[in-house]
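Student: Sharing a sequence plus its predicted fold:
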Amino acid sequence: MPQPDALIIGAGPAGLMAAEELAKTGVQVLVVEAKPTVARKFLMAGKSGLNVTKDEPWETFVSRYDTPYLRPILQDFGPQEVQDWCRTLGQNVYTGSSGRVFPLAMKASPLLRAWAQRLTSQGVEIRTRWRWSGFDGAAFAFDTPTGPQTLQPKVTVLALGGASWSRLGSDGVWVPWLRDKGVQISDWKPANMGFRVDWSPHMAPHFGQPVKGVALIADGHRERGEFIISSRGLEGGGIYSIYKCIRDGAALAIDLLPDLTAEEITRRLSRMKPGDSTSNRLRKLGLDRAQVALVMEFARAEPFAHLKHLPIPLQGPRPLDEAISVAGGIAWDAVTQDLELKALPGTFAAGEMLDWEAPTGGYLLTACWATGRWAGRAAARRIRL
């Protein structure tokens, strides 16, 4: 088959953004995707409301990422640019009370449809069910519906995701192929994931229940938030806001009454009837049924002594493939400032393949778009050399 000028492997947000930037320069762009449809993880993430970015002061925003290497990339395409870009696709956005930014349509599918139409109008060709299978010499090899194919374009952008949610395409199978080419890759760790808890049978009625209005405490950090009690443990935004400390070994505790001091709790208890049961007293303090259940699960012997610091024994993080995102990937020392692989000139990397992590709340998607745009522009410059 004819060789494209530019090859994009992976049709998620980073890959499609790289394709758009390359297509703007008039080069022939081919996007190949292993799955039957594009951007499957993007669509899944948008089912409960597509959080595209976070509208907050710049220094606060960039501090959410664990590496300074992303700083110039996000300065080039940050929260305001993401919002403007969505509007160019006819998708108006709004900012919620927490600063999170959503399309008015809330879902990912309208934005993806508009984006796909624009890419088609720019001449971008997308082929699905093309699975990268490694290298054939200097060429990229693929298993396709019509049999094995090899491609050797002028430039390539790799945007294959990390190693979580393999059923949606991010399976990390590419790691040994790049390592064999001399690319330094850090081992994967789960990020934005739940943690396992060995519940007693008494907790079963509370599975699926949210715990709201609490503060989570770990290793000196304190975050207000909420989480879900699941049959497997704890998960949700509050846990994700503090997961790094817990993943690295810190103990987790919950302040169930963050708006009350210990002294105020003692005063309120002293005014209650002596005959009240423990559960009734806890409810009168403002705890709901799920919160009362947590107290009785982990502090039954001294329930009132632990309301400001209820220890939650954890049995480690949920498996890597269940994590929303990952840490690890292609090391920053392995790429140039243009995100070009030093060991493979003409090949660039973007998105979760790179070694960075950030919390949920729009940060993940913004960085995927930003690195895809950065890599696509750099690849276009290389073609023009």
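Tutor: Perfect, I can see it now. Numbers count the residues shown, from 1 in each chain.
Student: First-to-last residue distance for stretch 270-278?
Tutor: One end of stretch 270-278 to the other measures 13 Å (CA to CA, to the nearest Å).
Student: What are the contacting residues of that stretch?
Tutor: Contact partners of stretch 270-278, identified using CB atoms under 8 Å, 6 or more residues apart in numbering, comprise 281, 284, 296, 303. Heads up, the C-betas are built off the backbone N, CA and C, glycines and all.
Student: let's see it at 6 Å
Tutor: Contact with stretch 270-278 is made by 281, 303, as judged by CB atoms under 6 Å, 6 or more residues apart in numbering.
Student: same check, this time on stretch 223-231
Tutor: 206-207, 209-212, 215-216, 234-239, 241-242, 290.
Student: Okay, and which of those map to helices?
Tutor: Among the contacts of stretch 223-231, the members falling in helices (DSSP state H) are 237-239, 290.
Student: Among the contacts of stretch 223-231, name the buried ones.
Tutor: Neighbour-count burial (16 or more other CB atoms under 10 Å) applied to the contacts of stretch 223-231 gives 206, 209, 211, 215-216, 234-239, 241-242, 290.
Student: now the residues you listed in CSV, with pLDDT and distance to S170?
Tutor: Listed next are the buried ones among the contacts of stretch 223-231 as CSV, based on pLDDT from 0 to 100; distance: CB to CB, whole Å:
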residue, pLDDT, distance to S170
H206, 97, 32
Q209, 97, 30
V211, 97, 29
A215, 97, 32
L216, 97, 27
L234, 97, 23
E235, 96, 19
G236, 94, 21
G237, 91, 21
G238, 94, 24
I239, 95, 21
S241, 89, 22
I242, 92, 24
A290, 97, 32
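Student: of these, closest to G194?
Tutor: Closest approach between those and G194, by CB to CB: E235, at 3.1 Å.
Student: does the closest one have beta-bridge partners, and which?
Tutor: Applying DSSP bridges to E235 gives these bridge partners: I228.
Student: Please tell me how far it sits from G249.
Tutor: Going from E235 to G249 by CB to CB, to the nearest Å gives 19 Å.
Student: try L307
Tutor: Going from L307 to G249 by CB to CB gives 25 Å.
Student: In terms of neighbours, single out the busier of the two.
Tutor: Per other CB atoms under 10 Å, whichever of L307 and G249 has more neighbours is L307, with 22 against 9.
Student: Could I get the contacting residues of the more buried one?
Tutor: L307 neighbours (CB under 6 Å, 6+ apart): 256-257, 265.
Student: can I get the residues you listed in TSV with pLDDT, secondary structure and distance to R127?
Tutor: Converted to TSV, these look like this (pLDDT from 0 to 100; DSSP: H, G, I helix; E, B strand; the rest coil; distance: CB to CB, whole Å):
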residue	pLDDT	secondary structure	distance to R127
L256	98	coil	53
L257	98	coil	56
I265	97	helix	62
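Student: Put the buried members of these into a ChimeraX selection.
Tutor: Filtering the contacts of L307 down to the buried ones (16+ other CB under 10 Å) takes a single ChimeraX command:
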select :256,257,265
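Student: re the thing from before, could you dump the ones in helices among the contacts of stretch 223-231 to JSON lines with distance to R113?
Tutor: What follows is the ones in helices among the contacts of stretch 223-231, written out as JSON lines (distance: CB to CB, whole Å):
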{"residue": "G237", "distance to R113": "28"}
{"residue": "G238", "distance to R113": "33"}
{"residue": "I239", "distance to R113": "33"}
{"residue": "A290", "distance to R113": "39"}
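Student: hang on, the earlier thing: of the buried ones among the contacts of stretch 223-231, closest to G134?
Tutor: E235 (35.0 Å).
Student: hang on, that closest one packs against G194?
Tutor: Yes: the criterion here is CB atoms under 6 Å, and E235 meets it with G194 at 3.1 Å.
Student: Determine the residues that are contacts of both of those two.
Tutor: Residues touching both E235 and G194 (CB under 6 Å, 6+ apart): none.
Student: OK, contacts around the residue nearest in space to the middle of the chain?
Tutor: Nearest to the geometric centre of the chain sits S325, at 4.1 Å (CA atoms, centre = their mean). Neighbouring residues of S325 by CB under 6 Å, 6+ apart: 191-192, 364.
Student: neighbours of the nearest residue to it once chain neighbours are set aside, just the number please.
Tutor: In this structure, S325 finds its nearest non-sequential neighbour in A191, 4.6 Å apart by CB to CB, 6 or more residues apart in numbering. A191 is flanked by 27 other residues according to other CB under 10 Å.
Student: quick one: A191 and Q75, what's the gap?
Tutor: The gap separating A191 from Q75 is 23 Å, by CB to CB.
Student: How about G225?
Tutor: According to CB to CB, G225 stands 28 Å off from Q75.
Student: Over to V157?
Tutor: Going from V157 to Q75 by CB to CB gives 21 Å.
Student: hmm, back to that, so what's the backbone phi/psi at the residue nearest to the centre of the chain?
Tutor: Backbone torsions of S325, given as degrees, to the nearest 10, read phi -150, psi -180.
Student: Quick check: it vs G220, distance?
Tutor: Separation of S325 from G220 (CB to CB) stands at 24 Å.
Student: you'd agree the residue nearest to S325 is up against W356?
Tutor: No: in this structure, A191 is not within contact of W356 by CB under 6 Å, at 9.6 Å.
Student: Go through stretch 240-247 and flag the buried ones.
Tutor: 240-247.
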